[in-house]
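K.L.:
return a 3D structure for these sequence lines:
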Amino acid sequence: MSHPTHPAPRLVASDVDGTLLNHHERLSDRTKAAVHAVIDGGATFVLATGRPPRWISPVVEQLGYAPMSVCANGAVIYDASTDRILSAITLGIDVLGELAEVAESVLQGCGLAAERVGESAHDAATPQFVSSPGYQHAWLNPDNTEMSALEVLAAPAVKLLIRCPQMSSGDMADKLAPHVHGNADITFSTDNGLIELSAPGVTKASGLKIVADRLGVDAADIVAFGDMPNDVPMLAYVGRGVAMANAHPDAIAVADEVTASNAEDGVAKVLERWFNASR
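P.N.:
Numbering: from 1, shown residues only. I've put the predicted structure just below:
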């Protein structure tokens, strides 16, 4: 086991897909043991993900632990232990309309969808993912409610999703960014033709700061793990940002170190420096 060269973190934050979970969306025994060692060692473990709250329960089931979760790229703080949304920062209806108009002009033929939240992750009274006709999902989404484009934009949303399967996400972001004029933050967690827009200033870093402030933890005492451009602000914010070997070049560029891939227990290999995990 390697020896740490700096104090153990008081807070550990991890992205989920491409980071904590392997390519089959499974949590390895070694990584699970490392997470529990963090908790047993007196530190706090949180998730920081682009996933909405309703997609946290499969991770909780594998972890055997319900962490505080920074969801929707920082727009939502979700307490998985009580199934409660603690805070949510949304794009207003007027801004959604403006962003959609610009997107449809710059990214012709794109599909639109919106992520909304209720009082809990499974609030049946609130359709949480709504999409316009023709929106092509980037992944399986059985919770989708299809409605007209106007209806998609008719309620505040924590994320506006824009889909162009024929383009890369990076190219989409580059084309749209000059036209957003500060109305939203643009990011992506897959390069498969999907970008996500949140309220200005909302990132995983801003969401993690809310959690850290609640706990009285300084950024210098946080270690965070990630792999995609939506992780970049978080990796830059914390005392030690760790990118996975499989990470996007933007994440690697800002990280303090690069660990093994998500298929090779990269998160566990770093955490075991400070926390003794029995495997």
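
K.L.:
just to be sure, residue 77 is in a strand?
P.N.:
Yes. Residue 77: assigned to a strand according to DSSP: H, G, I helix; E, B strand; the rest coil.

K.L.:
quick one: the strands in the stretch 101-250 of the chain?
P.N.:
Listed in chain order, the strands found in the stretch 101-250 of the chain under DSSP state E, counting those that start in this stretch are 111-115, 129-131, 144-146, 159-163, 185-187, 194-198, 222-226, 240-243.

K.L.:
wait, which of those strands is closest to residue 96?
P.N.:
strand 159-163 (5.9 Å; C-beta to C-beta). Where you see a C-beta, it was placed from the backbone N, CA and C, and this is true even at glycine.

K.L.:
just the residues contacting stretch 241-261, thanks.
P.N.:
With contacts defined as C-beta atoms under 8 Å, 6 or more residues apart in numbering, stretch 241-261 is touched by 18-19, 191, 223-229, 231-232, 234-236, 240, 262-264, 266-267, 269-270.

K.L.:
so which bits of it are buried?
P.N.:
Neighbour counts using 16 or more other C-beta atoms under 10 Å place 241-244, 246-248, 250-252, 254-255, 259, 261 of stretch 241-261 among the buried residues.

K.L.:
and that stretch, end to end?
P.N.:
Start-to-end span of stretch 241-261 (C-alpha to C-alpha, to the nearest Å) is 15 Å.

K.L.:
residue contacts, residue 268?
P.N.:
Applying C-beta under 8 Å, 6+ apart to residue 268 gives the contacts 28, 30-31, 33-34, 277.

K.L.:
coming back round to it: filter the contacts of stretch 241-261 down to the ones in helices?
P.N.:
Applying DSSP state H to those, the entries found in helices are 232, 234-236, 266-267, 269-270.

K.L.:
between those residues, which is nearest residue 78?
P.N.:
Nearest member of the ones in helices among the contacts of stretch 241-261 to residue 78, counting by C-beta to C-beta, is residue 234, at 16.1 Å.

K.L.:
perfect, that will be all.
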